[in-house]
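Asker: all I have is the shape, not the residue letters:
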(Lines give C-alpha, C1' and ligand atoms only; values in the text may rest on other atoms or scores of the structure.)
Protein backbone atom coordinates (compact mmCIF):
# COMPACT_ATOMS: atom_id res chain seq x y z
CA UNK A 1 0.00 0.00 0.00
CA UNK A 2 2.81 2.40 0.87
CA UNK A 3 4.60 1.55 -2.39
CA UNK A 4 1.47 2.34 -4.44
CA UNK A 5 1.11 5.67 -2.66
CA UNK A 6 4.76 6.52 -3.34
CA UNK A 7 4.36 5.65 -7.02
CA UNK A 8 1.16 7.70 -7.10
CA UNK A 9 2.85 10.74 -5.59
CA UNK A 10 5.70 10.34 -8.04
CA UNK A 11 3.26 10.31 -10.96
CA UNK A 12 1.52 13.39 -9.58
CA UNK A 13 4.86 15.20 -9.39
CA UNK A 14 5.73 14.09 -12.93
CA UNK A 15 2.34 15.33 -14.14
CA UNK A 16 2.83 18.72 -12.53
CA UNK A 17 6.24 19.02 -14.23
CA UNK A 18 4.71 18.17 -17.62
CA UNK A 19 1.94 20.70 -17.05
CA UNK A 20 4.56 23.32 -16.18
CA UNK A 21 6.42 22.61 -19.43
CA UNK A 22 3.13 22.95 -21.33
CA UNK A 23 2.50 26.34 -19.73
CA UNK A 24 6.02 27.50 -20.58
CA UNK A 25 5.44 26.35 -24.16
CA UNK A 26 2.26 28.42 -24.36
CA UNK A 27 4.21 31.52 -23.39
CA UNK A 28 7.45 30.95 -25.29
CA UNK A 29 6.50 29.44 -28.65
CA UNK A 30 5.99 31.76 -31.63
CA UNK A 31 2.70 30.82 -33.29
CA UNK A 32 -0.65 29.17 -32.72
CA UNK A 33 0.23 25.76 -34.12
CA UNK A 34 3.37 25.38 -32.02
CA UNK A 35 1.52 26.55 -28.93
CA UNK A 36 -1.26 24.07 -29.61
CA UNK A 37 1.31 21.28 -29.91
CA UNK A 38 2.95 22.19 -26.59
CA UNK A 39 -0.34 22.57 -24.81
CA UNK A 40 -1.94 19.37 -25.98
CA UNK A 41 1.04 17.04 -25.73
CA UNK A 42 2.33 18.23 -22.37
CA UNK A 43 -0.97 18.96 -20.69
CA UNK A 44 -2.56 15.71 -21.87
CA UNK A 45 0.33 13.63 -20.57
CA UNK A 46 0.60 15.75 -17.42
CA UNK A 47 -3.08 15.60 -16.58
CA UNK A 48 -3.24 11.87 -17.24
CA UNK A 49 -0.21 11.34 -15.00
CA UNK A 50 -1.85 13.36 -12.23
CA UNK A 51 -5.07 11.38 -12.53
CA UNK A 52 -3.32 8.00 -12.59
CA UNK A 53 -1.18 9.10 -9.65
CA UNK A 54 -4.26 10.16 -7.73
CA UNK A 55 -5.85 6.80 -8.49
CA UNK A 56 -2.84 4.94 -7.13
CA UNK A 57 -2.39 7.21 -4.10
CA UNK A 58 -6.04 7.16 -3.07
CA UNK A 59 -6.34 3.53 -2.08
CA UNK A 60 -10.10 3.73 -2.59
CA UNK A 61 -11.77 1.73 -5.33
CA UNK A 62 -14.37 4.37 -6.16
CA UNK A 63 -11.85 7.20 -6.42
CA UNK A 64 -9.53 4.99 -8.47
CA UNK A 65 -12.31 4.13 -10.92
CA UNK A 66 -13.34 7.77 -11.33
CA UNK A 67 -9.76 8.95 -11.86
CA UNK A 68 -9.05 6.25 -14.43
CA UNK A 69 -12.29 7.02 -16.29
CA UNK A 70 -11.33 10.70 -16.38
CA UNK A 71 -7.86 9.79 -17.70
CA UNK A 72 -9.45 7.66 -20.42
CA UNK A 73 -11.80 10.52 -21.33
CA UNK A 74 -8.87 12.93 -21.65
CA UNK A 75 -6.90 10.42 -23.72
CA UNK A 76 -9.78 10.21 -26.19
CA UNK A 77 -10.99 13.81 -26.35
CA UNK A 78 -7.84 15.94 -26.08
CA UNK A 79 -6.20 14.82 -29.36
CA UNK A 80 -9.52 15.15 -31.16
CA UNK A 81 -10.01 18.67 -29.85
CA UNK A 82 -6.44 19.64 -30.73
CA UNK A 83 -6.89 18.40 -34.29
CA UNK A 84 -10.19 20.24 -34.69
CA UNK A 85 -8.74 23.50 -33.34
CA UNK A 86 -5.59 23.28 -35.45
CA UNK A 87 -7.55 22.50 -38.61
CA UNK A 88 -9.98 25.34 -37.96
CA UNK A 89 -7.08 27.74 -37.42
CA UNK A 90 -5.43 26.58 -40.65
CA UNK A 91 -8.63 26.93 -42.66
CA UNK A 92 -9.31 30.38 -41.24
CA UNK A 93 -5.92 31.62 -42.44
CA UNK A 94 -3.67 31.46 -39.38
CA UNK A 95 -0.19 31.19 -40.86
CA UNK A 96 2.78 29.45 -39.23
CA UNK A 97 5.66 31.58 -38.00
CA UNK A 98 8.21 29.87 -40.26
CA UNK A 99 7.89 29.55 -44.03
CA UNK A 100 10.02 26.39 -44.31
CA UNK A 101 7.26 24.21 -42.83
CA UNK A 102 5.84 21.62 -45.25
CA UNK A 103 2.18 22.20 -46.04
CA UNK A 104 0.94 18.83 -47.27
CA UNK A 105 -2.66 19.67 -46.44
CA UNK A 106 -2.52 22.86 -48.50
CA UNK A 107 -0.87 21.05 -51.42
CA UNK A 108 -3.65 18.45 -51.42
CA UNK A 109 -6.29 21.18 -51.36
CA UNK A 110 -4.62 23.06 -54.22
CA UNK A 111 -4.41 19.84 -56.26
CA UNK A 112 -8.17 19.35 -55.85
CA UNK A 113 -8.81 22.97 -56.85
CA UNK A 114 -10.08 24.11 -53.47
CA UNK A 115 -9.32 27.60 -52.25
CA UNK A 116 -8.21 28.44 -48.75
CA UNK A 117 -11.03 30.28 -46.99
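Answerer: Thanks, I have it. Every value quoted in this text rests on a predicted model; they were computed, and no experiment measured them.

Asker: looking at this protein, which helix or strand is least sure?
Answerer: Lowest mean confidence among the helices and strands of the chain (mean pLDDT, DSSP states H and E): helix 104-111, at a mean of 70.

Asker: do you know how far residue 77 is from residue 89?
Answerer: Using Cβ to Cβ, to the nearest Å, residue 77 is found at 18 Å from residue 89. Yep, even glycine has a C-beta here, placed from its N, CA and C like the rest.

Asker: between those two, who's got more neighbours?
Answerer: In this view residue 77 and residue 89 are compared by other Cβ atoms under 10 Å, and residue 89 has more residues nearby, 16 against 11.

Asker: could you list the low-pLDDT ranges of this structure?
Answerer: Applying pLDDT under 70 to the predicted model, the residue ranges of the chain that meet it are 99-101, 107-109, 114-117.

Asker: and the strands in it?
Answerer: Along the chain, no stretch is classed among the strands by DSSP state E.

Asker: report the central residue of it.
Answerer: Nearest residue to the geometric centre of the chain (Cα atoms, centre = their mean): residue 40, 2.0 Å.

Asker: list the contacts for that one?
Answerer: With contacts taken as Cβ atoms under 8 Å, 6 or more residues apart in numbering, residue 40 has the following neighbours: 78-79, 81-82.
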